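Asks: what follows is a predicted protein model with its sequence.
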Amino acid sequence: MIIVALSQLLPLLGSLLAGVAVIIVRLKAASKPTSLRKIIAPPLGMATGFLMFVVPDTRIPWLWALAAFAVGAVFFAYPLIATSRFEVKDGQIYLKRSKIFVVIIVALLAVRVLLHDVVDAYVTIPQSAGLFFLLAFGMLLPWRLAMWKGYAVVEKQLAGDGASQGAGRAR
């Protein structure tokens, strides 16, 4: 009985700790200037997770994979894209803190916890991991691509302002 309770509680605690860690890292990052490297690093790093599909136990039908990615892109990425803005302070580009980010991370965690039993009734635990990975990657990739585009616009404006008004001048 205790082992069963622990087997259900430990993954939940792990997910909660991971979610809290993501929120803390994200909030700390907002206090430092951003760069193109900081924008593209997360999806590149996360892309290594696709190696999980080398293991046959994690494989899922293509339609399920596309659906998971699409749900992430539509329901989770869009609010982040809509609320992610850049600002210039002292000649540096910063990502403005978005309160919706914390809401999205908590919502992802809630979806995972609430759907855990439903998903596990149809797929194995490794397949569930694959589905939720694709959902998260579907959120991250479009969001970061939109950030890249927004960063490029602000960087171009900053370079134009610097050339016309003198380098290092804040907007």
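Replies: That came through fine. The structure displayed is predicted, hence computed values, not measured ones.

Asks: now the helices for the chain?
Replies: 2-29, 36-47, 62-71, 78-83, 99-122, 125-165 (DSSP state H).

Asks: could I get those helices as JSON lines with mean neighbour count, distance to V54 and mean pLDDT?
Replies: For every residue, glycine as well, the C-beta is placed using N, CA and C. What follows is these, written out as JSON lines (neighbours: other C-beta atoms under 10 Å; distance: least, C-beta to C-beta, whole Å; pLDDT from 0 to 100):
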{"stretch": "helix 2-29", "mean neighbour count": "11", "distance to V54": "23", "mean pLDDT": "72"}
{"stretch": "helix 36-47", "mean neighbour count": "13", "distance to V54": "14", "mean pLDDT": "94"}
{"stretch": "helix 62-71", "mean neighbour count": "15", "distance to V54": "14", "mean pLDDT": "95"}
{"stretch": "helix 78-83", "mean neighbour count": "16", "distance to V54": "29", "mean pLDDT": "86"}
{"stretch": "helix 99-122", "mean neighbour count": "14", "distance to V54": "22", "mean pLDDT": "78"}
{"stretch": "helix 125-165", "mean neighbour count": "17", "distance to V54": "11", "mean pLDDT": "88"}
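
Asks: can I get those helices in TSV with distance to P56?
Replies: As requested, the helices of the chain are exported to TSV (distance: least, C-beta to C-beta, whole Å):
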stretch	distance to P56
helix 2-29	22
helix 36-47	20
helix 62-71	15
helix 78-83	33
helix 99-122	18
helix 125-165	9
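
Asks: excluding its backbone neighbours, what's nearest the residue nearest the centre of the chain?
Replies: Residue closest to the average C-alpha location in the chain (C-alpha atoms, centre = their mean): L140, at 3.9 Å. Using C-beta to C-beta, 6 or more residues apart in numbering and skipping the chain neighbours, the partner closest in space to L140 is P43 (5.4 Å).
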